[in-house]
Structure formats: C-alpha cells, structure tokens
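Peer 1: got a sequence here, can you model it:
(one chain, ligands or ions: 1)
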Amino acid sequence: MSEDAARISRGFARRPRARLLSGVGGDVASSGAAPWWQSAVVYQIYPRSFRDTDGDGVGDLEGVRRGLDHLVWLGVDALWLSPFYPSPMRDFGYDVTDYCAVDPRFGTLAGFDRLLADAHARGLRVVLDWVPNHTSDQHPWFVESRASRASPRRDWYVWRDSAPGRGGALRRPPNNWRAALGGGPAWTWDETTGQWYLHLFLAAQPDLDWTNPAVVQAMHDTLRFWLDRGVDGFRMDVVHCIGKDPALPDLPPGLASIPVAAQHDDPRTLALLRGLRAVLEGYPGERVMIGEVVLFSTAQVARYYGHGDGLHLAFNFLPLYAPWEEGAWRARIAEVEATLGAQGAWPTWVLSNHDNARHRTRYGSEMRARAAAVLLLTLRGTPFLYAGEELGLEDAQVPSTHGLDPGGRDGSRAPIPWESGPGHGWGHASPWLPWPPDADNRCITAMRADAGSILHLYRRLLRARRGSPALGLGSFTALAAPPGVLAFRRELADDARLVLINFAAREIACPVTGAWSVEVASDGRGEGHSYRGTLGAEQAVVLR
Ligand code: GLC
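Peer 2: Numbers count the residues shown, from 1 in each chain. Prediction:
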C-alpha cells in the first residue's frame, strides 16, 4: 500500500459508534452465548493442494474428506474450502462458471455432501469460498451478456462506452482504474459489441453488476443452494468490491497506479452486505459471513461489520504485512483493539494464505514461525490457519519460467506432503506444483511422530486455547515489557493467561508478578514448570 493510499484511507470519515454485536464482549461471552465463530479456529484448505486421491496431480474433495481426521487430531474447529466450482482455472478457481456445482477435477456434488456430512459428524464446521465480485468470462451469464447489446443479460455485467477521445486517441477505457493480477487497465474492449467491460482482476474475470436486482437475486440463490445443503457459512471473496458508484469515477491521479481492488471503498457495499446477511439469517444455526476486505486501514475494514448487520468477520491484512518486529506488531494490535474494539466488532488474525508468501518464508526461520504461532493463537479474535503452516512449510521454489499463477503466488500453493517418500501420499502423478522444501521430513506422518515438531506445538496451542475461556473469548490487555518483548494478558471471569513473545534474537529477562507456570512454549522448553522470568531468543510462552 502506498503512503498516498494510506493517507487517503485515513481521511475517510468514521461512522458513528455501532451498537455491540450480539455475543461480543465479556458479559455475553461469559453467559455462554457467543456464536461459534468467535471462539473457533478456522483452517483454510486450498483444495488443489491438500491431497490428491484420483491420481491427476491435483488435490480433490475426497482428499479433504480423508484429511478430516488430521484436522480433528490437530484441534481446529472449522475448515474453509477455497473454490472448487467449475472453472477454466485462469485464477485457479476464483473464476467461476457455475456457482452451484463441483468441478469434475475436484469430485462431485455427492462427494461434497459426503465431505460435509463427515465433517459435521466430527464436529467440524464447513465454510465455503464464494466469489461475488466477478465470474469467469466463460460463465453462461457472461457469454450471453457479451453476445449482443440487446442481450437480456447485458446489464448483468458492467459495460461502458469509451471515454471521450482526447489527443486523437480513438478508444480510451471509460476510467483510469487498473486491474489486479497483471496491472493493466481494468477494462477490456469487446470488438463484437463495441463496448468495454469492467474487470477488477483478470480480463477473464468480468465484474458482475450488483446494481442490477436480478444479479442480486441470482447470487442470493447461489448462497441458498449451499445453505440448503447445510454449509456453515461463507468466506466472501473481495466482497468490499461489489458496491460501485454507477458513475465509476476516475481515481485521483496519485492512486491510479494501485489496483482498484486494493482501495475500492464504497458505502453501497454495506447495503449489499445487509442483503447477504439477511439470506444467512433466514437459516437456522449461526451461519457465518466472513469477508475478504482488501483495504489497508483498520478503520476502513471496521466499517464492513456494519452496525451488527454487515459481515460477522472481516479479514484485516495489515498485520499479515507487518515485519517480524515487536514495535510493528504492538502498533497493529493496538490499532485493532482500539478500532474494532470500540465498535464491538470481533477481530480476525491471519499470517498466511494462498495469496501471500507463507509467514515461515517471510519471517525466515522456524523459531520465528513457532513464536508467531503462539501470537496468532492467543490474540483476541478468530485466527485463520493456512493448511501446511502447522508443518512449518516454506514456499516451494517455483522458477518464474514455470510459474502458473498470473499473480506469481505459486510458492505458497505447493502441495501438502502427507508422507515421506515419492508421491508423499498423493499417489504417483507429479503434483501440479513442486513440493515444498524438505517434504520428506516436513510431512504429516513424520511430524506426528516427533513430539518436538512444530506440528505438535500447534496442537498444544489449540488444546490450550480450547481449554481456556480467557484465550477463547476473554479480554485483551497489553502489558509493559522490555524492548523486544510483546506481552499481553487475556482474562475471562476467573480464568487468565499471560502471553510473552520475544521478537529479539537474544535472551531477555522478562519477570512477571505472581506465580505463573508455562502452559505452552514455542520451543517446548519448561512446559508444565513454573516460569523463571527469562525468555529465550525468539521464544514465546503462554503462562497460566
Ligand atoms: C481474492 C483471492 C485471490 C483471487 C482474487 C480474485 O483476493 O483470495 O486468490 O485471485 O480474490 O478473485
């Protein structure tokens, strides 16, 4: 995010204080009324890369189903499946041609139902990825829309004439917006019908026109299709982009080089979110609406929670981009606590996903990845794990000549190694991307057999979290600590934990008042013993 954009986003007026969301805050939480998604830990699965069972080198839903026992053993509460819908895979599934079906590469609808039933039988919730901002250009809706200006679906997408020519230019895109994943104009000229269509991402991902009630209706129906099957909610892809000013005004020149998807912030989206929320609330149970909001100011992200009528949870990627430095993290956490806390919105925390280098790779060592795991799983809010981070996986090295993703994100999408030896539990075909480094040792079976592995650390952390009301739903208080150390207290009723994270590569004395014992240590040292007042280099501990 450029300084400019950051300055602009800070300039947006804050909304009036929202009333508390139901279930948020100590009182309601302690009465046991908190919705499941507040205390849950969500595990993201990128189906192409989780596990292949049919030998084509691409993971599938049956691979996910067979992996459920791993998730139960690990101790997560919910899984989020990245898209598995029919798709030409230009953006590996985020370009959908049918919202109500399963791509044959991943399996069948019956296979999905089996997976859902088996997950529920194990007490795991299932959240689907839903891509509302754009479809594939192969989606029948778009094929129809681009066929002629008179098509009944013409106005399902955003078509515009050229901007008035200047300086002899014959054809100018309607505005100065730039697309993500390639950086060209967010407009593609259609020869047949002589107009431009809008795409905030690839030209193969035309934007739906959410000002059209027929689009709203059709997209609501796609939610109902999966809600009827029993899914527990949705992760809504770049959902902050769906509301647009029909005038589609130019961005100020200083911002025009930044993809519009990383700065689009229009109040019309909130009204659309209310509609989506009403669809979910028409179903029993607590179906969750998690929005991907790619805005780089927490105050902006906060607005998408609405007044208890918008998103239940919104991703906030500022911390993901924070360097491994105590000061940077202290500031990000304080901002979240102040901004979201003030409006009673429940935070989310994420260190890795399919769009960014894994934090093990970004932070440069397993020691740091371990300490980061302690942080991620003890902050106040809902943590999201990305499959493979529990193995401490690094990104695969994918030479640029072999890169597949137009956004250069292949490295973090490498397949998950389940076993040592050729195939790593995937069968014999080579997988669609290379294995991550050291896959013989960083695989599920080898790490399960090693009680000192990072995998066991994640498991102990998840167990500690589940066993502690303070860690799940309790208050957060930042504590004074020596430079290099981040310290905070979580508390609910008579349950309390202290968390100490040493970001520095040296031992630091960090005494605490009172008698505390080490419940979890990032390196396993001292667990079950009383805390002795010193943190090892880049060591993190949970004290009880
Ligand atoms: C989201 C997805 C990303 C995708 C983009 C366009 O950011 O996480 O993978 O490329 O939206 O759908």
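
Peer 1: just the helices in the stretch 351-500 of the chain please.
Peer 2: For the stretch 351-500 of the chain, the helices defined by DSSP state H, counting those that start in this stretch occupy 359-363, 366-376, 444-448, 454-467, 469-473.

Peer 1: can you redo those helices as TSV with distance to the ligand?
Peer 2: Every residue, glycine included, has its C-beta placed from N, CA and C. Formatted as TSV, the helices of the stretch 351-500 of the chain follow (distance: least, Cβ to the nearest ligand atom, whole Å):
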stretch	distance to the ligand
helix 359-363	16
helix 366-376	19
helix 444-448	25
helix 454-467	23
helix 469-473	27
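
Peer 1: just send those helices back as CSV, with mean pLDDT too.
Peer 2: Listed next are these as CSV, based on pLDDT from 0 to 100:
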stretch, mean pLDDT
helix 359-363, 98
helix 366-376, 98
helix 444-448, 98
helix 454-467, 98
helix 469-473, 98
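
Peer 1: for these, give me a markdown table that also has distance to residue 56 and mean neighbour count.
Peer 2: Putting the helices of the stretch 351-500 of the chain into a markdown table (distance: least, Cβ to Cβ, whole Å; neighbours: other Cβ atoms under 10 Å) gives the following:
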| stretch | distance to residue 56 | mean neighbour count |
| --- | --- | --- |
| helix 359-363 | 27 | 22 |
| helix 366-376 | 31 | 23 |
| helix 444-448 | 21 | 18 |
| helix 454-467 | 27 | 20 |
| helix 469-473 | 40 | 22 |
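
Peer 1: what residue ranges in the stretch 51-200 of the chain score low on pLDDT?
Peer 2: 166-169 (pLDDT under 70).

Peer 1: now the closest residue to the ligand within it: how far from residue 153?
Peer 2: Nearest residue of the stretch 51-200 of the chain to the ligand (Cβ to the nearest ligand atom) works out as residue 94 at 3.3 Å. Using Cβ to Cβ, to the nearest Å, residue 94 is found at 21 Å from residue 153.

Peer 1: now residue 115
Peer 2: With distances taken as Cβ to Cβ, residue 115 is found 32 Å from residue 153.

Peer 1: these two - which one has more neighbours?
Peer 2: Higher neighbour count among residue 115 and residue 153: residue 115, with 24 against 19, using other Cβ atoms under 10 Å.

Peer 1: ok, the more buried one to residue 67 distance?
Peer 2: 10 Å.

Peer 1: circling back to that earlier point, among the helices of the stretch 351-500 of the chain, which comes closest to residue 424?
Peer 2: Nearest to residue 424 among the helices of the stretch 351-500 of the chain is helix 444-448 (9.2 Å), distances taken as Cβ to Cβ.

Peer 1: coming back round to it: which residues touch the residue of the stretch 51-200 of the chain closest to the ligand?
Peer 2: Applying Cβ atoms under 8 Å, 6 or more residues apart in numbering to residue 94 gives the contacts 83, 87, 129, 131, 201, 205, 237.

Peer 1: which ones among those residues lie within strands?
Peer 2: residue 129 (DSSP state E).

Peer 1: save the contacts of residue 94 as JSON lines, and put in neighbour count and distance to the ligand too.
Peer 2: Converted to JSON lines, the contacts of residue 94 look like this (neighbours: other Cβ atoms under 10 Å; distance: Cβ to the nearest ligand atom, whole Å):
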{"residue": "83", "neighbour count": "25", "distance to the ligand": "9"}
{"residue": "87", "neighbour count": "24", "distance to the ligand": "11"}
{"residue": "129", "neighbour count": "23", "distance to the ligand": "8"}
{"residue": "131", "neighbour count": "28", "distance to the ligand": "6"}
{"residue": "201", "neighbour count": "27", "distance to the ligand": "5"}
{"residue": "205", "neighbour count": "24", "distance to the ligand": "6"}
{"residue": "237", "neighbour count": "21", "distance to the ligand": "5"}
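
Peer 1: the stretch 201-350 of the chain against the ligand: which residues are in contact?
Peer 2: Proximity of the stretch 201-350 of the chain to the ligand is confined to 201, 237, 238, 292 under the rule Cβ under 6 Å from any ligand atom.

Peer 1: measure the second one to residue 182 for me?
Peer 2: Using Cβ to Cβ, one gets 17 Å for the distance from residue 237 to residue 182.

Peer 1: try the third one
Peer 2: For residue 238, the distance to residue 182 (Cβ to Cβ) stands at 15 Å.

Peer 1: same question for the last one.
Peer 2: Taking Cβ to Cβ as the criterion, residue 292 is separated from residue 182 by 19 Å.

Peer 1: now do the helix or strand containing residue 333: distance to the chain's middle.
Peer 2: Residue 333 is part of helix 326-342 when elements are defined by DSSP states H and E. How far helix 326-342 lies from its chain's middle: 19 Å, per Cα atoms, centre = their mean, to the nearest Å.

Peer 1: pLDDT averaged over it - what is it?
Peer 2: Average pLDDT, helix 326-342: 96.

Peer 1: packing partners for it?
Peer 2: Under the contact criterion of 3 or more Cβ pairs under 8 Å, 6 or more residues apart in numbering; DSSP states H and E, helix 326-342 touches helix 298-303, strand 475-479, strand 485-492.

Peer 1: which of the residues in that helix are buried?
Peer 2: 326, 329, 330, 332, 333, 335, 336, 337, 339, 340, 341 (16 or more other Cβ atoms under 10 Å).

Peer 1: thought the third one was touching residue 478?
Peer 2: It stands for residue 330. Yes - if you go by Cβ atoms under 8 Å, residue 330 and residue 478 touch, sitting 7.1 Å apart.

Peer 1: quick one, what contacts the residue lying closest to residue 532 once chain neighbours are set aside?
Peer 2: Spatially, and ignoring its direct neighbours in sequence, residue 532 is nearest to residue 526 (7.2 Å; Cβ to Cβ, 6 or more residues apart in numbering). Shown in contact with residue 526 (Cβ under 8 Å, 6+ apart): 518, 532, 541.

Peer 1: now do the helices in the stretch 101-250 of the chain.
Peer 2: 109-121, 140-147, 213-229.

Peer 1: for burial, what's the neighbour tally of the residue of the stretch 301-450 of the chain found nearest the ligand?
Peer 2: Proximity of the stretch 301-450 of the chain to the ligand (Cβ to the nearest ligand atom) peaks at residue 355, 4.8 Å away. Using other Cβ under 10 Å as the criterion, residue 355 is surrounded by 17 other residues.
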